[in-house]
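A.B. asks: generate coordinates for the sequence data below:
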Amino acid sequence: MKIKNQRTIQELFFVNPCHTNTSTRIFIQPPVWHRVCLIISGVLKYLYAWDREFFCKATPMKGTMKAVILAAGLGTNLTPLTKEFIPPGLPVMNRPVLEHLYNFLAGHEISDVYIILKEGREEILKALELENKYPFRVNYITEKYPGGTAGCLLLIKDQLGDDHFLVLHANQILDFDLNAMMIWHQTRKSWVTIAVSPKSQGQFSSETIETCYEYSVKDCSFNAYRNNGNLNFYPHGIYIFDPRVLDLIPEKQSYVDIKEQLLQRIKEKEKPGYAFDILGYCKAIRTIDQYFQVNRDLIQGAIPELALPEDYSLIKRGIWAGKNTRIDPSVHLIEPVIIGDDCIVQAGSVIVGPASIGDNCHIGRNSLLRESIVWENSRIEENSEVTYSLIGTNCTIGREKEIEKAIILSNKNNHLNTGDYNLLSGDPRIKTIVNISERTFRKEASRKLYGTVREALDRILAFFLLILLSPIFLAIAIAIKFFSGDRGPVFFRQLRCGKNGTEFMMIKFRTMIVDADRTKGHLRRTANDLDGPLFKMANDPRLTRVGRFLRKLSLDELPQLMNICKGEMSLIGPRPLADEEMRFASSWRDVRLRVKPGITGLWQISGRSQCRFQDWIKHDVHYVKNQSFALDCKIILKTLWAVINRAGAY
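C.D. replies: Here you go, the predicted structure:
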């Protein structure tokens, strides 16, 4: 379907799609064997391109398709931008990300769109008033608890019916031929088709899709990049599914991931799956750095057919402005620049693109705005300089200020607290993040005081507890050595992930028989009492008599006091896990690795083994976002009560 607005970003730069740049090249004669390989490779690429082009032209698409947009993600890697906008509402070129996604879907045969949201976000998206602008029906589906990228599909299983359906994330900017991907999916009778790009195009992600003949999916690896002779691709998180896939999602499991679980189930059932090498623009906004990059790309014309708002007019080559915007003739504008409605740019100012300025903004006299983003209702006073920065909504940059590589916000209702600083971006190009609506100095001092005092208290308390409990340590060691039924070691050591993913050797008292891991795989498949990535049984046959007693009283965790003394752990924090135990939910993993793992935490005092995996995610994220001395004291007191009652310990 054609979008009504015919003004596009292509017009902004007068792009000639047939124009190509040429450059001088020096050719070195390759060996004969190399030339033969190049010829064979070229023939294979030609056959693949011809095959896809043939099906796209010769095979009509069978009916319409439904789309599922996943918008219930944590969005914590975009903190603090998500203090003012939820991820689908972030402005890109003065329009919400979701609007760009709707424009993409409107160009294809989509009949219904289902948006999976966290509870309480439906009204925020409805306020954007986008539903009636497009030819498809928009349906909002809220989930109370995180069900995973696959688990949430069960909420709309009946609505999806017997139709093939598209699944994609809400934080993506797309421009490729979706119809060609659908035809590719249908002609091969695939159960899943995954949108990919070659690793050779600069995608240095640890996620890999391996394919063999005709791009049939051979393996999905999300931990390490492997090159064993197969074609390696980077997955974009865009899938077309056969409706029969929904029957492979276990309804009793509270959290199911597409990449780590559903695709593996499809592989185990030996159902066909294919990768589709997309030709076009496809980028996700998961971090602040990616948010800046996508804005730059779109302003510079990465999507030539991108429709601009109807009321925007071309001021001069590469400069667009909205209605009622006044720009003094003496202003120096260097393309590309997008300026919203009702803006004022005063005399002597310089704006260097790529730059985006939102509605109702004021740029004062003799000011400089260079390669920056300004959200709506903000002011930059005279003689000020803003470079490589983001200015949030309702912000005022005072006279003669210099802002460089900074994010400036002004939101009284959502000020940054101590826990929020755990989630701030590590982008080296951003030096400063400031919320000017609060007393920044006091907040910064409070955050640093919390971190310093917390670190000191952890080590001091751990050291004294080791001395105080040394007789108990000795008694437990003797019991394990002489009454466990074997002569195995006293301690169990295993690599776990610490803060920022740094691995360390965690120490516990051994509670299981020697070589217990040999039977773990079989027991996980047949008798796991947890629904997440961890394995645990109420009556684990591998436990020794002494080990069962230690587990009941949580005494097996005491040696981790040594990890605290070494600075690898804390008294309070998320449970330390191995990397493979966190792969089901990458956003949860990224959040929990922002702080040190702890001996106890919110999950441990909330039932531990009796908790569902989705509750575990909720508890970990809540702790990381709301760290404080008061919360830490509450957890310590509840931990003592949980140990006495032996709640969830086995």
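A.B. asks: I figured Thr82 was touching Gly73, is that so?
C.D. replies: No: using CB atoms under 8 Å, Thr82 is not in contact with Gly73; the gap is 10.2 Å. Backbone N, C-alpha and C define where each C-beta goes, glycine included.
A.B. asks: for the residue lying closest to Ser425 once chain neighbours are set aside, which residues are in contact?
C.D. replies: Distance criterion CB to CB, 6 or more residues apart in numbering; nearest residue to Ser425, sequence neighbours excluded, is Ile288 at 4.1 Å. Counting by CB atoms under 8 Å, 6 or more residues apart in numbering, Ile288 touches 77-78, 81, 407, 425, 427, 430.
A.B. asks: Thr82 and Gly73: who's more crowded?
C.D. replies: Neighbour count, other CB atoms under 10 Å: between Thr82 and Gly73, Gly73 has more, with 22 against 17.
A.B. asks: three-state assignment of that one?
C.D. replies: At Gly73 the chain is in coil, as set by DSSP: H, G, I helix; E, B strand; the rest coil.
A.B. asks: who are the contact partners of it?
C.D. replies: Contacts of Gly73 (CB under 8 Å, 6+ apart): 87, 169-171, 587.
A.B. asks: reformat those as CSV; add secondary structure.
C.D. replies: Listed next are the contacts of Gly73 as CSV, based on three-state DSSP:
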residue, secondary structure
Pro87, helix
His169, strand
Ala170, coil
Asn171, coil
Ser587, helix
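A.B. asks: closest one to Val113 out of these, please.
C.D. replies: Lowest distance from Val113 to those (CB to CB) belongs to Ala170, with 10.6 Å.
A.B. asks: separation between the closest one and Trp320?
C.D. replies: According to CB to CB, to the nearest Å, Ala170 stands 26 Å off from Trp320.
A.B. asks: just to revisit the earlier point, from the contacts of Gly73, which two are the most distant?
C.D. replies: Ala170 and Ser587 (13.1 Å).
A.B. asks: could you look up the SS state of Lys596?
C.D. replies: Classified using three-state DSSP, Lys596 is coil.
A.B. asks: hmm, it is touching Lys499, no?
C.D. replies: Yes: at 4.8 Å, Lys596 counts as touching Lys499 under the criterion of CB under 8 Å.
A.B. asks: higher neighbour count, those two?
C.D. replies: Lys596 (24 against 18).
A.B. asks: separation between that one and Thr502?
C.D. replies: For Lys596, the distance to Thr502 equals 10 Å [CB to CB].
A.B. asks: now do the helices in the stretch 301-450 of the chain.
C.D. replies: Assigned by DSSP state H, counting those that start in this stretch, the helices in the stretch 301-450 of the chain fall at 440-468.
A.B. asks: and the residue in the chain sticking out farthest from the centre, what is it in contact with?
C.D. replies: Going by CA atoms, centre = their mean, the residue of the chain most distant from its centre is Phe482, 48.8 Å out. Not one residue lies near Phe482 by CB under 8 Å, 6+ apart.
A.B. asks: likewise for Gln172?
C.D. replies: Gln172 makes contact with 97, 101, 236-238, 282-285, according to CB under 8 Å, 6+ apart.
A.B. asks: adding distance to Gly547 and pLDDT, write those out as TSV.
C.D. replies: Below are those laid out as TSV (distance: CB to CB, whole Å; pLDDT from 0 to 100):
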residue	distance to Gly547	pLDDT
Val97	51	93
Leu101	52	94
His236	46	88
Gly237	42	89
Ile238	46	93
Cys282	50	91
Lys283	50	91
Ala284	45	90
Ile285	47	91
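A.B. asks: how about the nearest residue to Gly498, chain neighbours excluded?
C.D. replies: Leaving aside its sequence neighbours, Gly498 sits nearest to Phe504 (CB to CB, 6+ apart; 5.0 Å).
A.B. asks: ok, now Pro559?
C.D. replies: In space, Pro559 is closest to Ile507, 4.2 Å off (CB to CB, 6+ apart).
A.B. asks: so how far is Ile564 from the nearest residue to Lys625 once chain neighbours are set aside?
C.D. replies: Ranked by CB to CB, 6+ apart and with sequence neighbours excluded, the top spatial neighbour of Lys625 is Gly419, at 4.5 Å. Going from Gly419 to Ile564 by CB to CB gives 20 Å.
A.B. asks: would you mind splitting the protein into its domains for me?
C.D. replies: As given by automatic domain parsing, the domain ranges for the chain are 31-60, 65-288, 310-438, 454-645.
A.B. asks: quick one: closest of these to Arg296.
C.D. replies: Evaluated with CB to CB, the domains of the chain place domain 310-438 nearest to Arg296, the distance being 4.8 Å.
A.B. asks: off-centre distance for the closest one?
C.D. replies: Relative to the centre of its chain, domain 310-438 is centred 26 Å away, using CA atoms, centre = their mean, to the nearest Å.
A.B. asks: report the mean confidence score over that domain.
C.D. replies: Here domain 310-438 scores 88 as its mean pLDDT.
A.B. asks: swap in stretch 631-645?
C.D. replies: So the average pLDDT for stretch 631-645 ends up being 85.
A.B. asks: buried stuff in it?
C.D. replies: Within stretch 631-645, the residues scored as buried using 16 or more other CB atoms under 10 Å are 631-632, 635, 638-639, 642-643.
A.B. asks: got a markdown table for those residues, with secondary structure too?
C.D. replies: Compiled in a markdown table, these are given as follows (three-state DSSP):
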| residue | secondary structure |
| --- | --- |
| Leu631 | helix |
| Asp632 | helix |
| Ile635 | helix |
| Lys638 | helix |
| Thr639 | helix |
| Ala642 | helix |
| Val643 | helix |
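A.B. asks: which residues of the stretch 51-200 of the chain fall in helices?
C.D. replies: 97-106, 122-126, 148-151, 157-160, 178-187.
A.B. asks: and Asp297, which of those is closest to it?
C.D. replies: helix 97-106 (11.7 Å).
A.B. asks: got any ranges where this structure has weak pLDDT?
C.D. replies: 1-63, 199-231, 412-414, 426, 428, 437-445, 516-517, 519-538, 607-611, 646-650 (pLDDT under 70).
A.B. asks: which phi and psi does Glu268 have?
C.D. replies: Per-residue torsions, Glu268: phi -60, psi -40 (degrees, to the nearest 10).
A.B. asks: could you count how many residues lie near it?
C.D. replies: 9.
A.B. asks: now swap in the one 5 residues further on and tell me
C.D. replies: Under the neighbour criterion other CB under 10 Å, Gly273 is assigned a count of 25.
A.B. asks: my read is that it contacts Ile194, right?
C.D. replies: Yes: the pair Gly273 / Ile194 is scored as a contact, 7.1 Å apart, by CB under 8 Å.
A.B. asks: thinking again about what came up before, tell me what the residue nearest to Pro559 is bridged to.
C.D. replies: In this structure, Ile507 bridges to Arg493 when assessed by DSSP bridges.
A.B. asks: from the chain's centre, how far out does the top strand by length along the chain sit?
C.D. replies: Using DSSP state E, we find that the single longest strand of the chain is strand 231-241. Offset of strand 231-241 from its chain centre (CA atoms, centre = their mean): 16 Å.
A.B. asks: mind checking how far the closest residue to Met569 other than its chain neighbours is from Leu571?
C.D. replies: By the measure of CB to CB, 6+ apart, the closest residue to Met569 outside its immediate chain neighbours is Asn563, 4.2 Å from it. Remark: distance between Asn563 and Leu571 (CB to CB) = 11 Å.
A.B. asks: now do Glu371
C.D. replies: 45 Å.
A.B. asks: more neighbours: these two, which one.
C.D. replies: Between Glu371 and Leu571, counted using other CB under 10 Å, Leu571 has the larger neighbour count: 23 against 18.
A.B. asks: quick check: the more buried one is in a strand.
C.D. replies: Yes: under three-state DSSP, Leu571 falls within a strand.
A.B. asks: thinking again about what came up before, drop anything exposed from the contacts of Ile288.
C.D. replies: 77-78, 81, 407, 425, 430.
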